[in-house]
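Engineer: Quick one, structure for this:
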Amino acid sequence: IAIPTRFLSSIFILLMSHDEILPARGSQIRNFGWNDNLFNVHFDRNSWHDGLIWYDIDPHLSPRVVRAINYAVNYINNNLNICVKWLQRYPNKFDSGIKAYVSFIAFEDTKQKPDCSSVVNRLDYQTHISLGRNCVANRLNDSRGPLVLETTVLHEMMHTMGMEHQHQRPDRDCFVYVAKKLGNSPGSFGILSGYEYLSGFPYDYDSVMQYRGFRNVLYSHNNRSRTLGRYDGTISRLDVHLMGSLYCGRKSYCEEHNSCASFYDYANTNPLCWRIGPEYSNDKNP
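Structural biologist: Residues are numbered from 1 along each chain as shown. Okay, the predicted model is just below:
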């Protein structure tokens, strides 16, 4: 679950340049609101300086959870295409001049509302990656594999590094069905504004930021049985590419493939770009 920093940030004015890369025709027709200039201003203000993230670990977390955290930290630190380093701090020995850091903390959630969550991007003070007791237990008992907890920790760390959920992209209805009963919370299932995402990347069904599919509730339009998200203790190829664009200066997917001019034309022709599904049968395509 993500806690958006846009609710915590000050309002600022963006002056648009004449040489910006405009979104393609389709995205404007569907009003997805891609705005890389606005995204970059916000990201530059709130990202981690030089890609360095200081963190500490709550001593109340179990050895199994600490092992999952160490796994996830090493996974990110060893990927040279991400350009981010997580550096452990030790509160009794560390320079107190560092104000912005992340604490992995134990959290008393409930069985009814298991919770693992984090703030999106950096704030100028201590923030938390909360690992609820019931959330952790659910991951450890998950039949999908032995690294489900590690994948959840990676998911929350990616929020901390600035990434939002795939299934909350403004164009998500082109790719996945999200039932109304899942709600529209900005931290879980609600559609977010285009300026909260860097444009120029395909929808990534395999992203660590994509929630798992649920029958009749969350599924891919083109293949309802398709596995959504991942649980193998890794992030996707496009996750790595996006992080490289954010922190390493790598070009976007469409720039590398010389396809930006028509990248979102599907929105002009693909009927799936309007909500479809049993709960939207009476909706009119705008």
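Engineer: Can you show me the strands along the stretch 101-250 of the chain?
Structural biologist: 102-107, 116-119, 127-132, 176-178, 218-220 (DSSP state E, counting those that start in this stretch).
Engineer: now N77, nearest residue through space, not along the chain?
Structural biologist: Counting by C-beta to C-beta, 6 or more residues apart in numbering, K85 is the residue found nearest to N77 once chain neighbours are left out, at 5.5 Å. In this view, the C-beta of every residue, glycine as well, is placed from N, C-alpha and C.
Engineer: now swap in G145 and tell me
Structural biologist: Leaving aside its chain neighbours, G145 sits nearest to Y231 (5.6 Å; criterion: C-beta to C-beta, 6+ apart).
Engineer: for G229, same thing?
Structural biologist: Computed as C-beta to C-beta, 6+ apart, the closest residue to G229 that is not its neighbour in sequence is Q210, at 4.2 Å.
Engineer: OK, contacts around that neighbour?
Structural biologist: Going by C-beta atoms under 8 Å, 6 or more residues apart in numbering, Q210 touches 165-167, 204, 228-230.
Engineer: could you measure it against M158, distance?
Structural biologist: 11 Å (C-beta to C-beta, to the nearest Å).
Engineer: just checking, H221 touches F175?
Structural biologist: Yes. Here H221 reaches F175: they are 6.1 Å apart, a contact under C-beta atoms under 8 Å.
Engineer: neighbour count winner among the two?
Structural biologist: Comparing H221 with F175 by other C-beta atoms under 10 Å, the one with more neighbours is F175, at 22 against 17.
Engineer: Okay, now the unreliable bits of the stretch 1-150 of the chain?
Structural biologist: Along the stretch 1-150 of the chain, the parts satisfying pLDDT under 70 run over 2-31, 94-96.
Engineer: what about the helices in it?
Structural biologist: For the stretch 1-150 of the chain, the helices defined by DSSP state H, counting those that start in this stretch occupy 25-29, 36-46, 63-77, 133-140, 148-160.
Engineer: Looking at these, spot the one closest to Y101.
Structural biologist: helix 148-160 (10.5 Å; C-beta to C-beta).
Engineer: quick one, domains of this protein?
Structural biologist: Per automatic domain parsing, the structural domains of the chain span 26-45+164-286, 48-161.
Engineer: Those domains: which one's closest to I1?
Structural biologist: Judging these by C-beta to C-beta, what sits closest to I1 is domain 48-161, at 4.0 Å.
Engineer: end-to-end on that closest one?
Structural biologist: By C-alpha to C-alpha, to the nearest Å, the extent of domain 48-161 from end to end equals 7 Å.
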